[in-house]
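[1] Provided below for reference: sequence and predicted model.
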Amino acid sequence: MNISPHLSPRSGISAGWLRSNLFNNWYNSLLTIIILLLIWQLVPPFFSWAFINSLWNSPAVDCRDIDGACWSIIPQNIDFIFFGFFPEDQQWRPGLAMFLLLGLVFYSKDRNHWKKSLFVYWAINLVVMGTLMYGGVFGMPVVETAQWSGLPLTFMLALFGMVAGYPVGVLLVLGRKSRMPAIKTLCVVYIEMIRGVPLISLLFMSSVMFPLFLPEGVTFDKVLRAQAAIILFTAAYIAEVVRGGLQAMPRGQFEAADSLGLNYSQSMRLIILPQALKIVIPPSVGILLSAFKDTSLVVIIALYDVLKTTKVTLSNPKWANYSTEAYLFLALLYFVCCYSMSSYSRKLEKDLHTGH
Amino acid sequence: MNREPSITIDAELVPGVAPFWRDPEKRAIVFQVVALILVAFISYYLYSNTQANLERQSIATGFSFLDKEAGFEIGESVVDYSAADSYADALLVGALNTIKVSFIGIFFTVILGAVIGVARLSTNWLVAKIAGGYIELMQNIPILLQLFFWYAIFYESFPSPREALSPFSGVFLCNRGLVFAVPEAHAAHAAMGWAFVAALVIGWGLHRWGQRRQARTGQIFPSVRVAIVLYLTLPLLVWFIYGAPTGMNIPTLNGFNFKGGVTVSPEFSALLLGLVFYTAAFVAEIVRAGIQSIGRGQIEAAKAVGLNTGQVLHLVILPQALRVIIPPLTSQLLNLIKNSSLAIAIGYSDFVAITNTTINQTGQAIEGVALIMLVYLFFSLSTSLFMNIYNKKTALVER
């Protein structure tokens, strides 16, 4: 630590701050100089490529004449990138559904809203979103799940993967911790098997093996099969996370519940699980984050989430050269969603850390 | 209010005479039996459906397809392979490709992750912020998108072989990959390999001897410096003995492609870079948490005892930090191995990609997917086993 009483205090960028944070010894000074040089070399050209010489909303032919980024690929194709194969005139429906979803997510962020009524709101919202997407009532034409694509598919796969995977995961971890050897073995085998294989193999299983398991004539839509695979995958990871929460519970809680005369399901429901699940909220948000990122893998089984629709847009010869711009836009989209989720999880961890 | 309390003997208080449905142990047995029957019934249902469907679509079962001729080429392979080899050979090539990218990826990930993790804790504000920005950026963008990005750079931004970039002589960058010159195959190389192994053994032996001497007399033996000298000089000595061969296998442009030298394909490079940069961000967080878990008091006490910086690192910080770092680190490296299965999206022929081709050609989806899961389960379970052994060995003995 450098104590330089004759220089200005360390708050704000001043000579004292510079001295103690950037130049406090010889190798730090060297590093600072090298990094500043690199920034000087790389950032202005990137800026001129991305913002000065770029086009923001023009037909594809104009982009060939400029030296900068062709961001027009996004506005010109935005209907397909965001909504995929959903019929064009009905695209207000998935748009409204996503708007409702985002609204409810923002509402749920505030811990003052964490009451029983929140569950009711979520249930109503999910039903409304499902109706909006599927149609069939109020004069909205039916849109099959096979045509749900783009951003709504990404959100839906992640959301339902988490919502349905959570109860399954909790059941799995209760089974793993039970003293009945058969149940325990079944749960352990399931959890270790699912956690040991990549998600891609489960997606393959869902797309090529599930049809073989069903009786003749019964088919499940590919989207539903992939959703089932993601639910199974998420449940195993939730089970591991909640196991950590259960292990962190003091034995006194279990013993107190027993001494009150509560049976297994009552003690779990009223005493143990509420506390354990509260402890593991931050890692659970991390799993939701992973589920959101992993929805991009459905590209490989040819489901049209937002990554695949972007790739399809790029296969159009008009726009084929502008993959950098398209991928940067997608990266920004994912980054905004994921970073807000992870910073929220960190904030939650700090807020909920009550010190024991 | 003036009721006389009556005493009733509850049947449960008398052991052995509890009714069947009130006895937890009997209930547990019934529950398990019901669960097992349910699982068996569902399995049988799925099994019979599968049998019927397989017969209906005339798909074979069993692993006899492994001996049949594969009939497809594989882009890159560690061992010799041609389309006339069997499916088993093709799958082996895929497994070797997976192992190749996984091991090289693990090596670079650990190094890069450690560097960034330490940089995150640097006293230099710029370095710390840049490392932090890197970690946040790489952690929050899906790995598949990063792979596509790298592949687009390697495949679309680099010129064709005829106009390849050549930063140094003998090194070429084109959209067929990175092509560089290597020493020509010579008998000296095998001998140099053995010399390196011998240097490893001798260095290890000297280290053990030095530790015993230190326990006896207190004199410190510079094992690391001696080992480095050994690793460098022994193979060099062997090289001289063989007459110092300097022939190089230089790649030359032949028609549309390069002949000679070693080619690192764009698929491999994209997969390697994508995996390394993505996993290194997670490893950096783990390393940072490990280093921060050591109290300042430890470092101050070590310095007070007179250890220099290298000794503090080696004797005080690393043993304690490694205990915290290794468990999550192994699970992240396992994630790297599992993420290497995404090679199929960018055209690298790893195990999953080749099994997918096999499934498409033979129609035997169940055997194929089962093989994929078995291979990855083998990696995961053996790593978990190693992890448990390591945890037991290094666990703190608490009273």
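    Sure, I can see it. Numbers count the residues shown, from 1 in each chain, chains lettered A, B, ... in the order given.
[2] quick check: next helix or strand after the helix or strand where residue A:44 lies?
    Using DSSP states H and E, residue A:44 sits within helix A:26-47. Once helix A:26-47 ends, the next helix or strand along the chain (criterion: DSSP H and E) is helix A:60-63.
[3] check residue 5 and give its pLDDT.
    Picking chain A for this. Listed pLDDT for residue A:5 reads 59.
[4] wrong chain, I was asking about chain B
    63.
[5] quick revisit: contacts for the helix holding residue A:44 next, please.
    A:22-23, B:122-124, B:126-127, B:130 (CB atoms under 8 Å, 6 or more residues apart in numbering or on different chains). (Each C-beta comes from the backbone N, C-alpha and C, glycine too.)
[6] can you give me the neighbour number for residue A:314?
    20 (other CB atoms under 10 Å in any protein chain shown).
[7] now the one 10 residues further on
    Here the count is done by other CB under 10 Å, and residue A:324 has 18 residues near it.
[8] tell me the one of the contacts of helix A:26-47 nearest residue A:76?
    Nearest to residue A:76, judged by CB to CB, of those is residue B:130 at 34.8 Å.
[9] gap between the residue nearest to that closest one when sequence neighbours are not counted and residue B:129?
    Using CB to CB, 6 or more residues apart in numbering or on different chains and skipping the chain neighbours, the partner closest in space to residue B:130 is residue A:35 (6.8 Å). Noted for residue A:35: a distance of 10 Å to residue B:129, by CB to CB, to the nearest Å.
[10] kindly report the same for residue B:85.
    Per CB to CB, residue B:85 is found 53 Å from residue B:129.
[11] ok, residue B:336 next?
    26 Å.
[12] who has more neighbours out of the two?
    The residue with more neighbours, out of residue B:336 and residue B:129, is residue B:336; 21 against 15, by other CB under 10 Å.
[13] now the helices for the stretch 51-200 of chain A?
    A:60-63, A:73-83, A:92-109, A:116-134, A:151-177, A:181-196, A:199-204 (DSSP state H, counting those that start in this stretch).
[14] which residues does residue B:266 contact?
    B:151, B:154-155, B:158, B:175-177.
[15] got the contact list for the nearest residue in space to it that is not next to it in sequence?
    Once flanking residues are discounted, residue B:266 sits nearest to residue B:154: 3.7 Å by CB to CB, 6+ apart. Shown in contact with residue B:154 (CB under 8 Å, 6+ apart): B:175, B:177, B:266, B:269-270.
[16] how about the residues of the stretch 251-399 of chain B by chain A?
    Within the stretch 251-399 of chain B, the positions lying close to chain A (CB under 8 Å from any CB of the partner chain) are B:338-339, B:341-342, B:344-345, B:352, B:356, B:359, B:365-366, B:368-369, B:372-373, B:376-377, B:379-381, B:384.
[17] how about the residues of the stretch 101-250 of chain A by chain B?
    So the stretch 101-250 of chain A meets chain B at A:179-183, A:186, A:192-193, A:195-201, A:204-205, A:208-209, A:211-216 (CB under 8 Å from any CB).
[18] ok, 6 Å please
    Those residues of the stretch 101-250 of chain A that sit near chain B, judged by CB under 6 Å from any CB of the partner chain, are A:180, A:182-183, A:196-198, A:200-201, A:204-205, A:208-209, A:212-213, A:215.
[19] spatially, which two of these are the most separated?
    A:180 and A:208 (34.5 Å).
[20] ok, these two, which is more surrounded?
    The neighbour comparison of residue A:180 against residue A:208 (other CB under 10 Å) goes to residue A:208, with 20 against 16.
[21] excluding covalently adjacent residues, which one is nearest to the more buried one?
    residue B:365 (4.0 Å).
[22] that neighbour: what's it in contact with?
    A:208-209, B:359 (CB atoms under 6 Å, 6 or more residues apart in numbering or on different chains).
[23] how about residue B:330?
    Per CB under 6 Å, 6+ apart, neighbours of residue B:330: B:383, B:387.
[24] where does chain A dip in pLDDT?
    Where chain A drops to pLDDT under 70, the residues are A:1-13, A:354-356.
[25] ok now stretch A:131-139, how far from the chain's centre?
    Relative to its chain's centre, stretch A:131-139 lies at 26 Å (CA atoms, centre = their mean, to the nearest Å).
[26] give me the neighbour count for residue 21.
    You didn't pick a chain, so chain A it is. For residue A:21, the neighbour count with other CB under 10 Å is 20.
[27] wait, chain B
    Residues near residue B:21, counting by other CB under 10 Å: 8.
[28] could you find the closest non-adjacent residue to the residue most central in space within chain A?
    In chain A, the residue lying closest to the centroid (CA atoms, centre = their mean) is residue A:292, at 2.6 Å. Computed as CB to CB, 6+ apart, the closest residue to residue A:292 that is not its neighbour in sequence is residue A:158, at 4.2 Å.
[29] buried ones among the contacts of helix A:26-47?
    A:22-23, B:122, B:124, B:126-127, B:130 (16 or more other CB atoms under 10 Å in any protein chain shown).
[30] and residue A:218, how far is that from residue B:282?
    Distance from residue A:218 to residue B:282, counting by CB to CB: 41 Å.
[31] what's the answer for residue B:58, then?
    For residue B:58, the distance to residue B:282 - CB to CB - is 46 Å.
[32] over to residue B:163?
    Taking CB to CB, one finds residue B:163 at 38 Å from residue B:282.
[33] so the two - more neighbours on which side?
    Using other CB under 10 Å as the criterion, residue B:163 and residue B:282 rank with residue B:282 on top: 21 against 9.
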